[in-house]
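Peer 1: model the structure of this input:
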Amino acid sequence: MSTTDPKIIEEQFEQSKKDFKATLDSQLATLKEMGMAVAEPSLAYDEAPMMRRAASGTSEQISATVHWWGVDIVMNNKLTEDIISGITGTGAVGGLIASALGAAGVVTGGIATVIGAGIAAVVAIKIAQIKITNNGNGVHWPITWVQWAALLAAVPGGPAAILAAGALFLHPIRN
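Peer 2: Residues are numbered from 1 along each chain as shown. Down below sits the predicted model:
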């Protein structure tokens, strides 16, 4: 049964966020048993404020923002061009992504590092797609909550497992 009542929609949205956070948090013990460093009491994003950004340096920039639909990782044109030309490598991109995810309150610590490295590997194998997509403003990588759950499920397998999961559904889009 669907509704257009904004109050009911908001209540359903809030319940969905709580359920998602509970699902993520239920994995904390398993991740700790596997030796993963989990710095935060929660793997879910921090709701206040919903939008925080991280940037590295003054020219190459990457940010992560939290939205109702998921997480958006945005790369400016300088970083995008440096990735395409090979000036900026996968390790640096992974660190930038991990920092941006932490600043956005999505994940921190070891989880952010593993996910950052996995997404950076996806970026590395999609250089041709990035080059075609970029129109001089950089690219962004939208990740829905369902896709995010698939990335988190791949964390125990490390960056290679995240690469395998993310290569299927992570694609750059023009800024």
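
Peer 1: now the helices for this protein?
Peer 2: For the chain, the helices defined by DSSP state H occupy 6-25, 28-33, 77-85, 90-103, 109-125, 127-133, 145-154, 158-169.

Peer 1: can you redo these as JSON lines with mean neighbour count and mean pLDDT?
Peer 2: (Each C-beta comes from the backbone N, C-alpha and C, glycine too.) Output for the helices of the chain, formatted as JSON lines (neighbours: other C-beta atoms under 10 Å; pLDDT from 0 to 100):
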{"stretch": "helix 6-25", "mean neighbour count": "12", "mean pLDDT": "66"}
{"stretch": "helix 28-33", "mean neighbour count": "12", "mean pLDDT": "63"}
{"stretch": "helix 77-85", "mean neighbour count": "19", "mean pLDDT": "91"}
{"stretch": "helix 90-103", "mean neighbour count": "21", "mean pLDDT": "88"}
{"stretch": "helix 109-125", "mean neighbour count": "22", "mean pLDDT": "89"}
{"stretch": "helix 127-133", "mean neighbour count": "14", "mean pLDDT": "92"}
{"stretch": "helix 145-154", "mean neighbour count": "17", "mean pLDDT": "91"}
{"stretch": "helix 158-169", "mean neighbour count": "17", "mean pLDDT": "89"}
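
Peer 1: closest to residue 65 out of those?
Peer 2: Residue 65 sits nearest to helix 90-103 of all the helices of the chain, at 8.9 Å, using C-beta to C-beta.

Peer 1: before we move on, the earlier item: closest one to residue 59 among the helices of the chain?
Peer 2: In terms of C-beta to C-beta, the element of the helices of the chain nearest to residue 59 is helix 77-85, at 4.6 Å.
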